[in-house]
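In: here are the coordinates; sequence isn't available:
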């Protein structure tokens with residue numbers, strides 16, 4: 001297994017990761033993780049752990065991970081939105097076919113407010129995009 005291990009391990013945290021160097025070439029033949037840095041993907045900061053100085057190879061590996069992680073999170077965001085569309089469709093079907101009056105009473109106001117808020121944001125953002133587009137500003141944006 002030791003030959004298959006990467007040089008670095010990234011323990012994911014909310015804003016990035018704690019970065020560890022993987023060492024399996026020690027006398028005990030144990031896998032050891034030595035923390036070398038903390039990476040913050042929100043602000044791009046890489047802070048060495050303790051009094052350590054990071055080598056350029058360390059920095060390159062961390063930057064590559066940050067780039068890949070940012071792309072992964074972006075893909076997850078859009079996938080979550082596609083799932084939300086599916087859930088809205090399933091919710092409409094549930095409300096039409098299976099929901100009891102009591103269940104509808106419990107969720108109707110919250111759903112209507114959330115959908116109104118979402119619609120308001122989407123319409124405003126679409127209008128902004130139309131106005132920025134070449135030839136934008138002609139006519140009025142859809143409501």
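Out: Arrived safely, thanks for sending. Predicted, not measured: the structure shown is a model, and the values here were computed from it.
In: how about the helices in the chain?
Out: Taking DSSP state H, the helices of the chain run over residues 56-97, 101-132.
In: So which bits of stretch 42-50 are buried?
Out: Neighbour-count burial for stretch 42-50, counted by 16 or more other Cβ atoms under 10 Å, picks out residue 46. No exception for glycine: its C-beta is placed from N, CA and C like everyone else's.
In: Any regions of this protein where pLDDT drops low?
Out: Applying pLDDT under 70 to the chain picks out residues 1-3, 137-143.
In: Just give me the neighbour total for the spatially closest residue to residue 91 that is not a sequence neighbour.
Out: Nearest in space to residue 91, with sequence neighbours left out and distances taken as Cβ to Cβ, 6 or more residues apart in numbering, is residue 111 at 7.2 Å. Counted with other Cβ atoms under 10 Å, residues neighbouring residue 111 total 15.
In: next one: residue 24
Out: As a burial measure, residue 24 scores 14 neighbours (other Cβ under 10 Å).
In: hang on, the earlier thing: to residue 29, which of the helices of the chain lies closest?
Out: Between residue 29 and the helices of the chain, the tightest spacing by Cβ to Cβ is seen for helix 56-97, at 23.8 Å.
In: want to throw the helices of the chain into a markdown table with distance to residue 25?
Out: Shown next, in a markdown table, are these (distance: least, Cβ to Cβ, whole Å):
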| stretch | distance to residue 25 |
| --- | --- |
| helix 56-97 | 16 |
| helix 101-132 | 53 |
